[in-house]
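A.B. asks: compute the structure for the input listed below.
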Amino acid sequence: MSIAEQIAVVLGVVLLVNMMPVFGPPTWAVLVFFNFEYDLPLPVLVLAGAAASAVGRLVLASVFRQIGYRLPRRRRTDLEAIGATLTEAPRGRWGLLLLFLISPLPSTQLFEAAGLTPQIRLLPITGAFFCGRLVTYSIYVAGSSAAASTLRSLVDEGFASPWAVALQLLLLGLLIAFVLTPWAKILGYEPRRDDSAR
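C.D. replies: Coordinates of the predicted model:
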């Protein structure tokens, strides 16, 4: 397989993994696997992985944005309330970018929540996510050569372990709780008249 074909496979797999709304393997583990299987230069593998990951998360958030528009009006108002709180102040906007840049939390639910929140602009957080993943993927993939056997067992066992499944279910529950929380009441948010007419 040529280098171009290997890069295409990496891009395709990472893109699909990052479009999965739940139970997707972590991207760093996918890149570690490809680091074992292919002979791609580290910068190429990391750049391809970060780019495909960012595009996949943007697609996922965009799908959830469309789902959010179809929620009942009360739920949309609650999501608008939390979105307004997070984005109206400069400190909140910078904090949001920082969250997507360096957050240790799994990014699937972060992007799903961002997609459901209409005031959050998806391109800036995707850009922050891409920059952060360039660093973290570089660390994981560079370290994989030194700890190949440990990482192989982590990759092999991590996807199907009860703890991994439990964590995914917990995060899914937190996303549902995020949608069902009465943010407008908690934050004292009143939708603008032109918003309520939509």
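A.B. asks: would you list every one of the helices in this structure?
C.D. replies: 3-19, 27-37, 42-69, 73-87, 90-102, 107-116, 122-144, 148-158, 162-180, 183-187, 193-196 (DSSP state H).
A.B. asks: residues in contact with residue 175?
C.D. replies: Taking C-beta atoms under 8 Å, 6 or more residues apart in numbering as the criterion, residue 175 is in contact with 109, 112, 113. To be clear about C-beta, it is placed using only N, CA and C from the backbone, and glycine gets the same treatment.
A.B. asks: separation between it and residue 112?
C.D. replies: The gap separating residue 175 from residue 112 is 6 Å, by C-beta to C-beta, to the nearest Å.
A.B. asks: now residue 169
C.D. replies: Distance from residue 169 to residue 112, by C-beta to C-beta: 15 Å.
A.B. asks: so between the two, which is more surrounded?
C.D. replies: Taking other C-beta atoms under 10 Å, residue 169 and residue 112 do not tie; residue 112 has more neighbours (25 against 12).
A.B. asks: distance of the more buried one from residue 140?
C.D. replies: Counting by C-beta to C-beta, the gap from residue 112 to residue 140 is 23 Å.
A.B. asks: got it, and residue 40?
C.D. replies: 15 Å.
A.B. asks: pLDDT (mean, whole number) over stretch 116-131?
C.D. replies: For stretch 116-131, mean pLDDT rounds to 94.
A.B. asks: likewise for stretch 65-75?
C.D. replies: Stretch 65-75 comes out at a mean pLDDT of 94.
A.B. asks: got the buried residues for that stretch?
C.D. replies: Buried residues in stretch 65-75, counted by 16 or more other C-beta atoms under 10 Å: 65, 68, 75.
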